Every structure is written in C-alpha cells, then in structure tokens.
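S.K.: all I have is the shape, not the residue letters:
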C-alpha cells in the first residue's frame with residue numbers, strides 16, 4: 001500500500017483522532033486551562049511516538065511544554081525537514097452567543113469539522129503528522145523529519161524563543177515547514193509568502209480613585225471610559241492611516257511589479273461581505289483591500305472594558321477603563337520601536353484630567369519567504385498535485401510570532417504550507433476545517449516530503 005492509499009484507508013481513523021485532540025480546551029491565554037494544555041501536549045507526544053518516530057520528548061519550559069519528535073533514518077545525505085505547529089488555541093468566548101455547536105465538542109456539518117482549533121492549528125498540525133505516518137507506514141519516507149509543536153503561539157510564544165536559542169543543534173534542519181496559514185480556496189490553491197509582525201498591548205486610563213455616583217459627579221469628572229475612547233479615536237486619521245508619529249517611517253512602498261502581482265488575487269466587495277458580514281470595506285483609500293490586509297501595518301482595538309457591563313443599569317463614573325490593542329507590522333518595522341512610538345504618542349495626547357499607561361503584552365517579527373528556493377518550488381509542485389492547480393503566491397495579513405526568529409536562528413528557508421480557507425473563522429465563532437482540505441492537505445504534504453528526498 002502506497003502512502004496515498006494509506007491516507008484513503010485511514011481517513012475516518014485520522015478524523016476521529018483529530019476530534020479527540022479538539023475536545024481539549026487548550027487555551028494558552030487563560031491560566032485556568034493549564035491542565036488542558038498539558039493534556040494536549042501529552043496527546044501530541046503520544047501521537048508522534050505512535051507513528052514511529054525514533055525520538056519523542058516533552059520539553060518543559062517556564063510556560064507550556066514543547067513537544068519534540070524526530071526520525072533521522074533517511075541518513076546524513078538526505079534533507080532534514082523541521083515541521084512546526086502548535087497545540088494551544090484561542091478562547092471561544094461565550095459559546096451560547098454565536099457558536100452553532102459547542103466549541104470543544106467537534107461536529108461535522110456540510111463537509112466541515114467545526115471546533116475551536118480545527119484549522120488553527122490542531123487540524124493543520126495533524127495533517128502534517130498523518131502525512132509522515134503514511135510515508136512511514138508505506139516504508140517510503142526519504143527525508144529526515146523533526147517536529148516542534150508548541151503551546152503558546154496564541155499568547156506570543158514567549159517561552160519558545162529561549163527554547164530555540166538553547167536547542168539550535170537539536171532543531172537544525174534544511175527547511176522549516178509551517179502549516180498554520182491558509183489559501184484562497186479549494187479551487188484556488190495558494191502559498192503564503194509573507195507574514196506580518198505583531199505587537200500586542202494593554203492601554204489603561206485612570207481618573208478618580210474609585211467609582212463615583214454619576215449624578216453627584218457627572219459633568220465635573222472626566223470619565224475614564226470616555227477619555228479612553230477619545231484617545232483610541234486619536235490613533236487614526238480620517239483616511240484610515242495610523243496617526244502615531246513615525247509609525248510609517250520604515251514601511252517600504254510597494255513597487256509596480258508587487259502591486260501587479262497582488263492584483264492577480266483580488267478581494268471583491270462581494271467576497272468581503274460574505275466572509276466578514278461587514279456592510280462595507282474600510283481602510284487606506286490608496287490601497288486595495290488585498291494590499292491593506294497583507295502589506296500595510298495596522299492599529300486594531302481588540303476589546304474595551306470600563307465601568308458597569310452587567311445586566312441592568314448602574315449609574316457610575318468608572319475608576320478606570322482598559323483597551324486591548326494589537327498592531328500588525330510589515331517588513332522592516334521593529335515591534336519594540338513601534339511600542340515606544342505609541343507609548344510616546346499616548347503620553348502626548350492624554351488629557352491632564354486623567355492618567356494613562358500602556359503595557360507590552362507580546363511581540364513578534366514579520367517574516368518573508370524566498371519564492372525561488374528549491375523547497376518552495378517543491379511545494380508548488382506538491383500543491384499542484386494535491387489540489388489540481390498550480391498555486392499562486394499570496395501575502396498573509398496574520399502573524400506567527402516565532403517564525404521570523406526561527407528563520408533567522410536556524411538559517412533555514414521557510415515553506416508556509418497552509419491548508420485553511422478564508423471562511424474558516426479562525427479566532428472567531430464556528431471555527432472549522434474543511435474535510436477536503438484535510439484529505440488533500442495530507443496528500444500534498446506527502447508529495448512534498450517524498451519529492452524532496454527523491455530529487456535529482
């Protein structure tokens with residue numbers, strides 16, 4: 001039985017295993033889920049062990065453990081592929097509001113598997129694991145393979161950075177493969193060639209020393225919630241550009257060739273509305289929607305809390321108000337430098353009637369991919385085999401905080417082999433993973449690994 005036949009024969013078994021992993025609410029941003037994160041890590045360790053890797057370890061860190069596995073039986077002359085993934089997931093918020101099924105009870109509907117983590121990133125990580133399993137079962141794995149699966153991607157990968165620094169020899173590879181991105185569609189296969197960086201922050205505005213009666217003090221005390229939204233509004237200009245001085249200083253303008261390349265993959269207004277549910281697009285008017293999403297930096301308010309938000313009314317002027325904010329950064333922008341620019345601007349625009357502060361939560365560098373490397377060309381052929389069409393290159397607006405760092409430290413080219421779809425709702429309600437993507441993704445990954453080991 002060849003590896004492709006093996007995938008076909010074990011498709012149901014693989015799907016049931018994915019469901020088992022998805023039932024673990026491994027939310028890295030919420031401390032109460034630490035036991036679930038440990039269970040999810042141990043599950044991944046057992047998976048790597050069960051498929052026949054010759055060395056599998058759970059490395060403890062100051063945060064969540066790193067799962068490592070390797071199979072180096074192809075020999076010293078064969079390429080070594082390092083596959084990255086993560087077992088932590090985003091919070092599911094209030095499942096009663098918008099989820100059609102329980103976020104940690106996987107459910108299949110209309111050819112999709114719905115659950116938190118289905119596409120980001122348990123489903124995509126398992127796609128790679130099962131591709132390796134199929135090649136091993138068929139006795140046809142011609143490359144050395146290593147896995148590093150972390151549990152903090154959704155909270156900044158803080159403890160993976162020192163792990164990588166301390167284990168450069170262990171992680172040494174010829175190419176780094178990441179399945180944590182997406183493509184334009186089942187009939188529009190694509191490969192991501194850039195990721196934006198990120199800086200995540202918490203803003204706090206304080207006024208009185210305690211909550212005040214709005215009838216007694218309203219009109220003489222600057223409400224911190226009002227001051228916060230005034231400050232947040234001042235972060236953008238009317239044209240959608242970020243107003244922070246120096247924010248765009250290192251942003252390189254797109255060349256005509258780059259803009260023409262991006263224009264080959266347009267986002268129509270109809271597609272925008274279908275994917276987002278928003279009434280109209282928004283953003284910098286001199287850039288297309290695709291350019292805004294993949295090549296321009298942003299300042300996004302992720303959430304605001306202040307005062308009374310429970311049932312019914314409570315007429316108070318709150319002591320403080322808080323906003324969670326993140327900036328997506330493009331090539332040459334440094335997260336620390338951007339944070340310092342924002343910190344300085346906040347101090348300048350904060351009225352004297354309140355006090356303000358901003359705290360850095362986490363950061364990550366941008367990443368660019370060499371489209372001419374032999375590994376990328378192998379990926380192109382693999383996607384063409386798995387999805388029936390030659391893939392196009394696309395720029396991704398999302399971030400994988402550790403990616404640029406690993407690319408630099410390991411001195412290895414990156415292939416972003418993502419199988420998610422635009423409507424997978426990663427980070428949102430009703431997250432899903434298309435079953436067809438799961439099946440074709442495994443075949444694509446098999447073809448990629450096999451072609452690397454048999455080239456020339």
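M.R.: Received, thanks. Nothing here was measured: the structure is a model prediction, and the numbers come from that model.

S.K.: name the helix or strand for residue 191, please.
M.R.: Counting by DSSP states H and E, the element that carries residue 191 is strand 190-195.

S.K.: and residue 203, by the same measure?
M.R.: Using DSSP H and E, residue 203 falls in strand 197-206.

S.K.: need the residues that contact the helix or strand following that strand.
M.R.: The helix or strand immediately downstream of strand 197-206 is strand 212-213, counting by DSSP H and E. Among residues not part of strand 212-213, those counted as contacts by CB atoms under 8 Å, 6 or more residues apart in numbering are 221, 315, 316, 317. C-beta here means a position set from N, CA and C on the backbone, and glycine is covered the same way.

S.K.: note down every partner strand of strand 212-213 and its orientation.
M.R.: Strand pairing for strand 212-213, using DSSP bridges, gives strand 316-317 (antiparallel).

S.K.: can you tell me what sits against the strand it pairs with?
M.R.: 207-208, 211-214, 217-218, 221, 223-224, 307-308.

S.K.: redo that, cut-off 7 Å
M.R.: For strand 316-317, contacts defined as CB atoms under 7 Å, 6 or more residues apart in numbering pick out 208, 211, 212, 213, 214, 217, 218, 221, 223, 307, 308.

S.K.: ChimeraX command for the buried members of those residues?
M.R.: The buried residues among those can be selected in ChimeraX (16 or more other CB atoms under 10 Å) with this line:
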select :208,211,212,214,223,307
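
S.K.: would you format the contacts of strand 316-317 as JSON lines with pLDDT and distance to residue 76 included?
M.R.: Output for the contacts of strand 316-317, formatted as JSON lines (pLDDT from 0 to 100; distance: CB to CB, whole Å):
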{"residue": "208", "pLDDT": "97", "distance to residue 76": "69"}
{"residue": "211", "pLDDT": "95", "distance to residue 76": "68"}
{"residue": "212", "pLDDT": "95", "distance to residue 76": "72"}
{"residue": "213", "pLDDT": "95", "distance to residue 76": "76"}
{"residue": "214", "pLDDT": "95", "distance to residue 76": "73"}
{"residue": "217", "pLDDT": "95", "distance to residue 76": "75"}
{"residue": "218", "pLDDT": "94", "distance to residue 76": "75"}
{"residue": "221", "pLDDT": "97", "distance to residue 76": "72"}
{"residue": "223", "pLDDT": "98", "distance to residue 76": "67"}
{"residue": "307", "pLDDT": "93", "distance to residue 76": "64"}
{"residue": "308", "pLDDT": "92", "distance to residue 76": "66"}
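
S.K.: closest one of the contacts of strand 316-317 to residue 348?
M.R.: residue 223 (20.8 Å; CB to CB).

S.K.: beta-bridge partners for the closest residue to the closest one other than its chain neighbours, please?
M.R.: The spatial neighbour of residue 223 that comes closest, neighbours along the chain excluded (CB to CB, 6 or more residues apart in numbering), is residue 317 at 5.1 Å. With DSSP bridges as the criterion, residue 317 is bridged to residue 212.

S.K.: pLDDT score for residue 317?
M.R.: Looking at residue 317, its pLDDT reads 96.

S.K.: can you tell me how far it is from residue 202?
M.R.: Computed as CB to CB, to the nearest Å, the residue 317 to residue 202 distance reads 21 Å.

S.K.: what's the answer for residue 193, then?
M.R.: 32 Å.

S.K.: more crowded one of those two?
M.R.: residue 193 (22 against 15; other CB atoms under 10 Å).

S.K.: verify the contact between that one and residue 367 for me.
M.R.: No - taking CB atoms under 7 Å as the definition, residue 193 is not a contact partner of residue 367, at 9.4 Å.

S.K.: can you report how many residues lie near residue 363?
M.R.: Other residues near residue 363 number 23, with proximity taken as other CB under 10 Å.

S.K.: show me the shaky parts of the stretch 301-450 of the chain.
M.R.: Within the stretch 301-450 of the chain, no stretch has pLDDT under 70.

S.K.: ok, the residue of the chain positioned farthest from its centre to residue 315 distance?
M.R.: Most distant from the centre of the chain: residue 216, at 47.2 Å, with distances by CA atoms, centre = their mean. Residue 216 sits 10 Å away from residue 315, going by CB to CB.

S.K.: list the buried residues in stretch 335-351.
M.R.: 335, 338, 339, 341, 342, 343, 345, 346, 350.

S.K.: ugh, wrong one, stretch 404-411
M.R.: With burial defined by 16+ other CB under 10 Å, the residues of stretch 404-411 counted as buried are 404, 405, 406, 407, 410.

S.K.: in the stretch 1-150 of the chain, which spans are helices?
M.R.: Along the stretch 1-150 of the chain, counting by DSSP state H, counting those that start in this stretch, helices occupy 3-9, 11-22, 34-50, 95-98, 122-137.

S.K.: name the helices or strands packed onto the last one?
M.R.: The helices and strands touching helix 122-137, judged by 3 or more CB pairs under 7 Å, 6 or more residues apart in numbering; DSSP states H and E, are helix 3-9, helix 11-22, strand 80-86, helix 435-454.

S.K.: ranking those by burial, who's on top?
M.R.: Mean neighbour count (mean count of other CB atoms under 10 Å) peaks for strand 80-86 among the helices and strands packed on helix 122-137, with a mean of 25.

S.K.: how far off helix 122-137 does that one point, in degrees?
M.R.: 150 degrees (axes from the mean of the first three to the mean of the last three CA atoms, to 10 degrees).

S.K.: walk me through which strands strand 80-86 pairs with, and which way each runs.
M.R.: Strand 80-86 has the following sheet partners, assigned by DSSP bridges: strand 144-150 (parallel), strand 175-178 (parallel).

S.K.: returning to what we had before: need the contacts of strand 316-317 in JSON lines with distance to residue 51, can you?
M.R.: Converted to JSON lines, these look like this (distance: CB to CB, whole Å):
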{"residue": "208", "distance to residue 51": "60"}
{"residue": "211", "distance to residue 51": "56"}
{"residue": "212", "distance to residue 51": "61"}
{"residue": "213", "distance to residue 51": "64"}
{"residue": "214", "distance to residue 51": "62"}
{"residue": "217", "distance to residue 51": "65"}
{"residue": "218", "distance to residue 51": "64"}
{"residue": "221", "distance to residue 51": "63"}
{"residue": "223", "distance to residue 51": "58"}
{"residue": "307", "distance to residue 51": "52"}
{"residue": "308", "distance to residue 51": "53"}
